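[1] Build me a structure from this.
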Amino acid sequence: MSDNQYAVSRRAFLRTAGAVAAATAWPAASYARVIGANERIRVGVIGAGGMATNHMKNALRPLQKQNNLQPVMVADCWKRRAAGGAKILGISNAQTDYRKVLDTDADYVLIATPEHRHAQMTLDALDAGKAVYCEKPMTHTIPEALAVLKKQRETKLPIQVGVQGMSDDSYSSAAEAIRNGVLGRVVQAQIEYVRRYDKMGPWRREETKKYVNKPADLNWTDWLGSAAKVPWNPHHYFEWRNYRAYSGGICTDLFVHRLSRIMKACDLDYPRRVVGMGGIWQWPDGRDLPDNFEMICEYPRGMNVYILGTMSNRVGVDHLIRGYRGTLYFTPTGWVAKDKDDKILAEHKKTGGEDIRLHHTNLHNHLRKGEPLHCPADFSAAAVAAVCMANESWRTGRMMAWDKTNQKMVPADTIQTSHFPETSAS
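    Numbering: from 1, shown residues only. Here you go, the predicted structure:
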C-alpha cells in the first residue's frame, strides 16, 4: 500500500471509528483503541503566531521522536507564517485555510489562534473526527463553550485545553487533601496574575508600525471569522488581546490560568455569583478591555475566590486556600498546609509543572491508553463561564450570577441565590 493510500484508508477508519463512538456512546477513553498503544500520532497545527510557535518549537518538535509524533500540516491565514511554522516542524505542507488540516489524517489538531476563532475551529475539528488541543480559553463566550461541550459529548472525542499548569499535580493532590479534611471547611482562596509593562502597555507590539498596510498574503477576512467585518487594522491583528471583539483580555488570557488551579484544588464547577472590577487606568490608548482588573467568584460549596490582576505592578500575593482548620500555601515546589499556630498539617512535593510538553504528552497518553486528561472540556467550560461573568460584571457595573436552570449568566439581582452552602463539605 502506498503512503497516500495508507493515509486515505487510515483517515477513513478514524472517521468511521469516531462515528461509531458517537453512536454507541463510548467513553472518552475508548478513543485510545483507535490510535493503538505504539502507533504514531499525527498532529495538524492551526495558527502559526507567537503562541503556536512556542508549541511547535518547545513541544511538537522535541516530542516527534520521544512520543512518536508526526506533524502533517501547518495552517495560518498569513501565508508567510504558515510556511515558517512548517519549517520549524521540518515539513513542507503549509496552507492558509485551516479546513485543509481537517482533511488530513491528523489524529488531533492544535488550535493556537486568537480566542474568537477557538469555538468554530474546535467544532469543525470535532465534526471532522479529530481530537483537539485548544489553547486557553476554550472559547471566547459562554454560549460557544456550551456548544463545544455539547459537540464533545456527542462525538466522544477528547479536548485538551491549554491551561498547562493543570499538568502540575499540586492541584489534584491539594484537592485530595481538602476532601480528606486537612483544612476543615474551606471558605476562601486567593491568587493573582500580575505584571508590569513598559510605556507601551500590555500586549502592544512594534509590528503595528511595520504593517500599516495589510500584507498581500494575509487573509484578513478569514482572521476575522465571525467578528465584525472591519477594515485592516494592524492593532487588531497584532494586539488582539486588547479588544473585546477578539479576547477577554486579562480575565481570559491570564486569570483562566490561575482560576483553573483553584477550581481543581477545591473541586469547583460553575460559580454562583461573580463580580469584576478595574479599569483602563494606565494606558488609555484605544483598548476597550481593562489594564488593571480584579475579580471575586462565589461558589455554591460556600467559598469565595479572589484574583488580583494588574499590569502596572508585579508585586503579587500568596497563592493560598483558607479553611477552618488550616491554610494551604502553594509554593514553587508544591504546597504546605499549616494550622493557626503554624504547625504543618500536610505537605506535597509536586511532579510535573506548567509545561506545554507535559500537557501535549498527557493528551498523547490519553489517545493511546486512556490516561485522564488534565484539562478537559467540561472543566474548561466552567472556567470560561467564570471569567466571562467577571468581564460582563465590569462592563455593566452589575454583579453576575449563574442561572443553572437556563445555563447562562444573568444579573445577580434578577434571580434568587442562597447565602448558604449547597454542599455538605466539612
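
[2] what about residue 416, how many residues close to it?
    Residue 416: 7 surrounding residues under other C-beta atoms under 10 Å. (Glycine included, C-beta is placed from N, CA and C.)

[3] so which helix or strand takes in residue 146?
    Residue 146 is located in helix 142-155, with elements delineated by DSSP states H and E.

[4] Quick check: mean pLDDT of the very next helix or strand once past that helix?
    On the C-terminal side of helix 142-155, the closest following helix or strand by DSSP H and E is strand 159-162. Mean pLDDT, strand 159-162: 98.

[5] So which elements touch the helix or strand just after strand 159-162?
    Toward the C-terminus, strand 159-162 is succeeded by helix 170-179 as the next helix or strand (DSSP H and E). For helix 170-179, the helices and strands in contact under the criterion 3 or more C-beta pairs under 8 Å, 6 or more residues apart in numbering; DSSP states H and E are helix 256-266, strand 320-323, strand 327-331, strand 334-338, strand 344-349.

[6] can you put these in TSV and add mean neighbour count, distance to residue 245 and mean pLDDT?
    Supplementary listing: the helices and strands packed on helix 170-179 in TSV, determined by neighbours: other C-beta atoms under 10 Å; distance: least, C-beta to C-beta, whole Å; pLDDT from 0 to 100:
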stretch	mean neighbour count	distance to residue 245	mean pLDDT
helix 256-266	24	18	98
strand 320-323	21	35	98
strand 327-331	20	35	98
strand 334-338	19	39	98
strand 344-349	16	42	98
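
[7] To residue 58, which of these lies closest?
    Nearest of the helices and strands packed on helix 170-179 to residue 58, taken as C-beta to C-beta: helix 256-266 at 17.1 Å.

[8] How about residues contacting that closest one?
    136-137, 163, 165-166, 170-172, 174-175, 178, 186, 189, 191-193, 268-269, 297, 299, 301, 303, 305, 307, 319, 321, 328, 330, 375, 379-380, 382-384, 386-387 (C-beta atoms under 8 Å, 6 or more residues apart in numbering).

[9] what is the mean pLDDT for the helix or strand that that helix is followed by?
    Once helix 256-266 ends, the next helix or strand along the chain (criterion: DSSP H and E) is strand 273-279. Average pLDDT, strand 273-279: 98.

[10] Work out the sheet partners of strand 273-279 and label each with its direction, please.
    Sheet pairing of strand 273-279 (DSSP bridges) gives strand 292-299 (antiparallel), strand 400-403 (antiparallel).

[11] Could I get those in a markdown table, plus columns for distance to residue 254 and mean neighbour count?
    Output for the strands paired with strand 273-279, formatted as a markdown table (distance: least, C-beta to C-beta, whole Å; neighbours: other C-beta atoms under 10 Å):
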| stretch | distance to residue 254 | mean neighbour count |
| --- | --- | --- |
| strand 292-299 | 9 | 23 |
| strand 400-403 | 19 | 23 |
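
[12] JSON lines please, covering those and showing mean pLDDT and distance to residue 229.
    Listed next are the strands paired with strand 273-279 as JSON lines, based on pLDDT from 0 to 100; distance: least, C-beta to C-beta, whole Å:
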{"stretch": "strand 292-299", "mean pLDDT": "98", "distance to residue 229": "29"}
{"stretch": "strand 400-403", "mean pLDDT": "98", "distance to residue 229": "29"}
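
[13] With respect to residue 155, which of those strands lies nearest?
    Residue 155 lies closest, by C-beta to C-beta, to one member of the strands paired with strand 273-279: strand 400-403, at 25.8 Å.

[14] which other residues reach the closest one?
    Identification of contacts with strand 400-403 by C-beta under 8 Å, 6+ apart yields 270-275, 385, 389-390, 392-393, 408-412, 414-415, 417.

[15] List buried members of those residues by neighbour count.
    With burial judged by 16 or more other C-beta atoms under 10 Å, the buried subset of these is 270-275, 385, 389-390, 392-393, 409, 412.

[16] Relative to residue 45, which of the residues you listed is nearest.
    If you rank these by distance to residue 45 using C-beta to C-beta, residue 385 comes first, at 28.1 Å.

[17] I'd like the mean pLDDT over stretch 231-249, please.
    In the prediction, stretch 231-249 has an average pLDDT of 98.

[18] And stretch 123-138, by the same measure?
    When pLDDT is averaged over stretch 123-138, the result is 98.

[19] Can you give me the end-to-end span of that stretch?
    Using C-alpha to C-alpha, to the nearest Å, one end of stretch 123-138 lies 11 Å from the other.

[20] Buried residues of that stretch, list them for me.
    Across stretch 123-138, burial judged by 16+ other C-beta under 10 Å covers 123-126, 128-138.

[21] can you check stretch 195-210 too?
    For stretch 195-210, the neighbour count (16+ other C-beta under 10 Å) marks 201, 202, 203, 204 as buried.

[22] Now do that stretch: distance from first to last residue.
    Taking C-alpha to C-alpha, the first and last residues of stretch 195-210 lie 26 Å apart.

[23] any idea how far it is from the chain center?
    23 Å (C-alpha atoms, centre = their mean, to the nearest Å).

[24] can you check stretch 171-184 too?
    Distance of stretch 171-184 from the chain centroid (C-alpha atoms, centre = their mean) equals 24 Å.

[25] Can you tell me the element the residue lying closest to residue 141 once chain neighbours are set aside falls in?
    Take residue 141 and drop its neighbours on the chain: the residue closest to it by C-beta to C-beta, 6 or more residues apart in numbering is residue 388, 6.3 Å away. Following DSSP H and E, one finds residue 388 within helix 377-396.

[26] tell me which residues of that helix are tucked away?
    By 16+ other C-beta under 10 Å, the buried positions in helix 377-396 come out as 377, 379-394.

[27] residues contacting the residue nearest to the spatial centre of the chain?
    Residue closest to the average C-alpha location in the chain (C-alpha atoms, centre = their mean): residue 136, at 2.2 Å. Residue 136 sits next to 161, 162, 163, 252, 253, 256, 257, 380 when contact means C-beta under 8 Å, 6+ apart.

[28] Now distance to residue 99 too, for these, in CSV please.
    Below are the contacts of residue 136 laid out as CSV (distance: C-beta to C-beta, whole Å):
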residue, distance to residue 99
161, 22
162, 21
163, 26
252, 25
253, 26
256, 27
257, 30
380, 23
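
[29] thinking again about what came up before, mind giving me CSV with the buried residues of stretch 195-210 and columns for pLDDT?
    Putting the buried residues of stretch 195-210 into CSV (pLDDT from 0 to 100) gives the following:
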residue, pLDDT
201, 92
202, 94
203, 96
204, 96
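
[30] In helices, which of the residues you listed fall?
    Using DSSP state H, no member of the buried residues of stretch 195-210 sits in helices.

[31] Show me which of the residues you listed is closest to residue 360.
    Here the nearest of these to residue 360, counting by C-beta to C-beta, is residue 203; it sits at 25.0 Å.
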